[in-house]
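Colleague: Sequence and predicted structure are below.
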Amino acid sequence: MTTQAESSSERLSVGGHRVTAPRRAILDAIARAGGPFTIEELTSRVPAVGRATVFRTVKLLQESEVLCRVILEDGSVRYQLSRGGHHHHLICSECGTVTDFSDPELDRLIHENAGSAGFQLDAHSLELYGRCASCA
């Protein structure tokens, strides 16, 4: 059985990136996080790894679609393991649970509306805020 850290390492390797000891430590800490985390929380979980290395690694993991960035309702940013590919987020305002969802029809409408406005869309993200089934 492949762990999340091993799977993430494989995705980096396939992308042509080395999995160094600091990157491995960061990936292990992310796998143990169990949910969305801040860079500050991640930095405290890997005290042997420099802060700049954590920031650079998080950026690389985002670019490699290992992590996705989640913007909370208050504007703060968290990160979580990504299932890969384009997706959106349902964010519980009470417990903080983040659920990924994809909807090709919604994405088509977003692109259509941008095009109708003469807007050249480079990227988009969508976060929906409310209460999950457990909190509702």
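Modeller: Good, I have the coordinates.
Colleague: wait, residue 132 sits on residue 98?
Modeller: No. Assessed by CB atoms under 8 Å, residue 132 is found out of contact with residue 98, at 9.5 Å. Where C-beta positions appear, they are placed from N, C-alpha and C, glycine not excepted.
Colleague: Mutual contacts of these two, please.
Modeller: 90, 92 (CB atoms under 8 Å, 6 or more residues apart in numbering).
Colleague: Any stretches of the chain with poor pLDDT?
Modeller: When residues are selected by pLDDT under 70, those of the chain lie in 1-6, 9, 11-15.
Colleague: domain assignment for it?
Modeller: The record's domain parsing of the chain by automatic domain parsing lists 1-84, 86-136.
Colleague: Check the ones you listed for me and report the most buried one.
Modeller: Mean neighbours per residue, mean count of other CB atoms under 10 Å, is largest over those for domain 1-84, with a mean of 15.
Colleague: Who does residue 128 form a beta bridge with?
Modeller: For residue 128, the beta-bridge partners under DSSP bridges are residue 90.
Colleague: so what's it up against?
Modeller: By CB under 8 Å, 6+ apart, residue 128 lies in contact with 88, 89, 90, 91.
Colleague: Please apply the same query to residue 115.
Modeller: The contact partners of residue 115, by CB under 8 Å, 6+ apart, come to residue 121.
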